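Undergrad: return a 3D structure for these sequence lines:
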Amino acid sequence: MMDLNKDLFVSNIALTAMKVDASKVSIIQRKVRIEKYLIRNLGRVKCIMDADEPNYKLFLFNPNVDISWEARVIPIFFEDWDLRRIFRAILPDDLEFRTVVNKIDGITSEYRNFKLDLLAGADDYVTELTENGVKYRLDFSKVFWNSRLSHEHERVVSLFSANSLVYDVCAGIGPFVLPALKKGRTLRVLANDLNPESVRWLQENAILNKIPSGKMEVYNLDAVEFISEIISSDLSKELSIAATAEVRPSEANILINLPAHAVNFLPFFKGLLSNRVAFNLSMAFPVKVYCYLFAKAHEEVPHDWYEKKACEMIRKFLSAEDAFIKYTHHVCLLFCYDDFIVVKIK
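TA: Sure thing, here's the model as predicted:
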């Protein structure tokens, strides 16, 4: 009988191997059905083996099965990505969601809030955010907030001077007045909103941002009442003492950011501003009104049509003798033929 020389059975076989995360092995086996392409188990050599790196496995392919590999460049377009991957690419890696909601309908309520459809998470809409260096706390279900207006808030505040007066007719939780105060772009602020929840959060946000007491007065009034009584009284007082005041206001800025209704408030400025602006050349400082509105078309029109439409809407309520339109500014396009515009009136 001849001796068995086991060394003669030792050989090295070159195999194609695919390294995968060990946690994915069962998924690959279940969905790809890859077994027919792998080598048959041979003693200690299995078709799936441990890789040199921990937590990885190797799929060993049968050398007798014809498998060809090639590199190919395939273009991928936006339409090829699913929503999950798109959101993962856009949102910060460390972002955590507590509540996910869907906006059911448009803003039609008196307080500019809207119905929310809770999709996931807690039924709690109190949150905190930071915009242009200012912190805000709010209940999203009870007040109006739109982060798309961040640039507009910053742009308008940058137009104010340190010695300006600011009257915000529809102040909300303070996206105009709080940065103006915090960045020293105003002497004093009178802020108003019809929604008591907005007023509450505005006052809380003033404390949150350490706004000095006495720099802002907050009101919970109808816009017409705020214009006719509060602005009229305060502006008249400031104009009467401006000549002798130690710090003279450089201007008064009146904001009306209620685009669906703001133009309807313009007639209440007649007698409040127009007589002084038109006839009193010694007026101590200029008064400017920022009136936000929606200019709507029913078909595709040139871009400048919206600005002309905005001016027509202003002139419907204030004549050229009543006020001078200083400029119009495109804020954003809301829908196909719906433009959001602010008109600066002097």
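
Undergrad: where does the chain dip in pLDDT?
TA: Residue ranges of the chain with pLDDT under 70: 1-2, 105-114, 273-282, 320-323, 327, 332-342, 346.

Undergrad: how does it look with 50?
TA: Applying pLDDT under 50 to the chain picks out residues 1, 276-279, 281, 335-337.

Undergrad: centroid-nearest residue for it?
TA: Residue closest to the average C-alpha location in the chain (CA atoms, centre = their mean): residue 147, at 2.1 Å.

Undergrad: give the buried residues for stretch 81-89.
TA: Across stretch 81-89, burial judged by 16 or more other CB atoms under 10 Å covers no residue at all. Yep, even glycine has a C-beta here, placed from its N, CA and C like the rest.

Undergrad: got a list of contacts for it?
TA: residue 78 (CB atoms under 8 Å, 6 or more residues apart in numbering).

Undergrad: can I get that stretch as CSV, trimmed to CA atoms?
TA: Output in CSV follows, covering the C-alpha atoms of stretch 81-89 (Å, rounded to 0.1, in the frame of the first residue of the first chain):
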residue,chain,number,x,y,z
TRP,A,81,-34.0,59.7,-6.8
ASP,A,82,-36.7,58.7,-4.4
LEU,A,83,-37.9,61.2,-1.7
ARG,A,84,-36.1,59.5,1.1
ARG,A,85,-32.7,59.9,-0.5
ILE,A,86,-33.5,63.5,-1.6
PHE,A,87,-34.3,64.5,1.9
ARG,A,88,-31.3,62.8,3.3
ALA,A,89,-29.1,64.7,0.8
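
Undergrad: just how off-centre is it within its chain?
TA: Taking CA atoms, centre = their mean, to the nearest Å, one finds stretch 81-89 lying 19 Å from the centre of the chain it belongs to.

Undergrad: stretch 54-61 too?
TA: Chain-centre distance of stretch 54-61: 46 Å, with CA atoms, centre = their mean.

Undergrad: now the strands for the stretch 201-346 of the chain?
TA: 216-219, 251-256, 287-296, 325-335, 338-345 (DSSP state E, counting those that start in this stretch).

Undergrad: which stretches in the stretch 51-200 of the chain count as helices?
TA: With helices called from DSSP state H, counting those that start in this stretch, the stretch 51-200 of the chain shows them at 83-90, 150-159, 177-182, 196-208.

Undergrad: need the ones you listed in CSV with distance to residue 261, can you?
TA: Putting those into CSV (distance: least, CB to CB, whole Å) gives the following:
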stretch, distance to residue 261
helix 83-90, 34
helix 150-159, 18
helix 177-182, 20
helix 196-208, 16
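
Undergrad: just the ones you listed: most buried one?
TA: Counting by mean count of other CB atoms under 10 Å, helix 177-182 has the highest mean neighbour count of the helices of the stretch 51-200 of the chain, with a mean of 26.

Undergrad: extract the C-alpha trace of it and format it as PDB.
TA: What follows is helix 177-182, C-alpha atoms only, in PDB (Å, rounded to 0.1, in the frame of the first residue of the first chain):
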ATOM      1  CA  VAL A 177     -39.100  94.200  15.200                       C
ATOM      2  CA  LEU A 178     -37.000  91.900  17.200                       C
ATOM      3  CA  PRO A 179     -34.000  91.900  14.900                       C
ATOM      4  CA  ALA A 180     -34.400  95.700  14.500                       C
ATOM      5  CA  LEU A 181     -34.100  96.100  18.300                       C
ATOM      6  CA  LYS A 182     -31.400  93.500  18.800                       C
END
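
Undergrad: so which of the strands of the stretch 201-346 of the chain comes closest to residue 14?
TA: Closest to residue 14 of these is strand 325-335 (CB to CB; 61.9 Å).

Undergrad: let me see the contact set for the closest residue to residue 41 other than its chain neighbours.
TA: Spatial nearest neighbour of residue 41, excluding adjacent residues (CB to CB, 6 or more residues apart in numbering): residue 47 at 6.1 Å. Residues counted as contacts of residue 47 (CB under 8 Å, 6+ apart) are 35, 38, 39, 40, 41, 59, 60.

Undergrad: neighbour-wise, which of the residues you listed leads?
TA: In terms of neighbours by other CB atoms under 10 Å, these top out with residue 59 at 22 neighbours.

Undergrad: any idea how far it lies from residue 47?
TA: 7 Å (CB to CB, to the nearest Å).

Undergrad: can you list residues touching both of those two?
TA: In terms of CB under 8 Å, 6+ apart, residue 59 and residue 47 are both contacted by the residues residue 38.

Undergrad: give me the phi and psi angles of the closest residue to residue 294 other than its chain neighbours.
TA: Distance criterion CB to CB, 6+ apart; nearest residue to residue 294, sequence neighbours excluded, is residue 259 at 5.0 Å. Backbone geometry at residue 259, expressed as degrees, to the nearest 10, gives phi -60, psi -30.

Undergrad: what do you get for residue 209?
TA: Residue 209 adopts backbone torsions of phi -100, psi 10, taken as degrees, to the nearest 10.

Undergrad: is it true that it touches residue 137?
TA: No: in this structure residue 209 lies outside contact range of residue 137 using CB atoms under 8 Å: 10.3 Å.

Undergrad: how close does the residue nearest to residue 41 get to residue 20?
TA: Distance, residue 47 to residue 20, by CB to CB: 13 Å.

Undergrad: ok, now residue 175?
TA: Residue 175 is 50 Å from residue 20, by CB to CB.

Undergrad: returning to what we had before: between residue 47 and residue 20, which contacts overlap?
TA: Joint contacts of residue 47 and residue 20 (CB under 8 Å, 6+ apart) are residue 59.
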